[in-house]
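Enquirer: I'll drop the sequence and a predicted model, then ask my questions.
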Amino acid sequence: MIAVIDYGMGNVRSVLNALEHLGTDARLVGDANDLGSYGGLLLPGVGAFGDGMRALDERNFTQALPRAAERGQPLLGICLGMQLLASRSYEHGEHSGLELIPGEVVKLDPPGALRVPHVGWNTVERHGEGTLLGDGEDGELTYYFVHSFEYRPEDQTVVTGTADYGRPVTAVLERDNVVGTQFHPEKSQKDGLALLERFLNRC
């Protein structure tokens, strides 16, 4: 059974629909005390970093999620949910994050005339094997992005996928049982469903 963290940031219905489509028993969980009974955790999110951390803290998830990760429960952060895994963000000031994958979230600043936010479909390049992006059996991968800030991890070896937006931008992070995607797999059709299924296979 998968817990989708309910902290009031973004519409979780598309995430639940995607998990249900894959035949997974997924539950919205708003009580941090309930996390231990789930095989995997999914942290979605849309909005600003500071608001997301405040919402998690109000529901005691800022303590419960690191404890769950330490127990070895697989955790997937999506979009803002991925960025909240960082040490800090500079979105509208400086804010501390969950620090599950050390790094910082900074304003996306692509070269040339590329616009911010980065919105729409983009291809993602794999880095390494046995990752959430698979081993190349699916050919070119495309996913749906909506973001104005980017994750810069301290350890570049945790980056298993990048998108080209004038330069490489972190698209997928993986550190042991904690992983994140900057794009929305639940809105990314077959490639997104395949990625979610790979995560579920780890749970």
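Expert: Everything's here; your move. Numbering: from 1, shown residues only.
Enquirer: check contacts around Asp25.
Expert: Shown in contact with Asp25 (CB atoms under 8 Å, 6 or more residues apart in numbering): 1-2. Every C-beta, even on glycine, is put in place using the N, C-alpha and C of the backbone.
Enquirer: one more time with 7 Å, if that's ok
Expert: Met1 (CB atoms under 7 Å, 6 or more residues apart in numbering).
Enquirer: before we move on, what about Tyr7?
Expert: 55-56, 59, 61.
Enquirer: ditto for Leu28
Expert: 4, 6, 12, 16.
Enquirer: give me that answer again for 6 Å
Expert: 4, 6 (CB atoms under 6 Å, 6 or more residues apart in numbering).
Enquirer: and for Arg126?
Expert: Per CB under 6 Å, 6+ apart, neighbours of Arg126: Leu133.
Enquirer: for it, list each beta-bridge partner.
Expert: Gly161 (DSSP bridges).
Enquirer: re earlier: tabulate the contacts of Tyr7 in CSV, adding columns for pLDDT and neighbour count.
Expert: Shown next, in CSV, are the contacts of Tyr7 (pLDDT from 0 to 100; neighbours: other CB atoms under 10 Å):
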residue, pLDDT, neighbour count
Ala55, 97, 19
Leu56, 98, 25
Arg59, 96, 17
Phe61, 98, 25
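Enquirer: need these in TSV (columns: secondary structure and distance to Gln182).
Expert: Shown next, in TSV, are these (DSSP: H, G, I helix; E, B strand; the rest coil; distance: CB to CB, whole Å):
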residue	secondary structure	distance to Gln182
Ala55	helix	20
Leu56	helix	19
Arg59	coil	24
Phe61	helix	20
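Enquirer: pretty sure Gly10 is in contact with Val46, am I right?
Expert: Yes: counting by CB atoms under 6 Å, Gly10 does reach Val46; the two are 3.3 Å apart.
Enquirer: mind listing what's buried in stretch 120-134?
Expert: Applying a neighbour-count criterion of 16 or more other CB atoms under 10 Å, one finds 122, 124, 126-127, 131-134 buried in stretch 120-134.
Enquirer: now do that stretch: distance to the chain's middle.
Expert: Relative to its chain's centre, stretch 120-134 lies at 13 Å (CA atoms, centre = their mean, to the nearest Å).
Enquirer: got the end-to-end distance for that stretch?
Expert: End-to-end distance of stretch 120-134 (CA to CA, to the nearest Å): 22 Å.
Enquirer: then stretch 94-113?
Expert: Rule used - CA to CA; the end-to-end distance of stretch 94-113 is 27 Å.
Enquirer: swap in stretch 135-148?
Expert: So stretch 135-148: terminal residues 29 Å apart, CA to CA.
Enquirer: how about Val4, nearest residue that isn't a chain neighbour?
Expert: Leu42 (4.9 Å; CB to CB, 6 or more residues apart in numbering).
Enquirer: now Ser148
Expert: Pro117 (4.1 Å).
Enquirer: so what's the residue count around the residue nearest to Val4?
Expert: Neighbours of Leu42 under the rule other CB atoms under 10 Å: 29.
Enquirer: got it, and Ser87?
Expert: Ser87, neighbours per other CB under 10 Å, totals 16.
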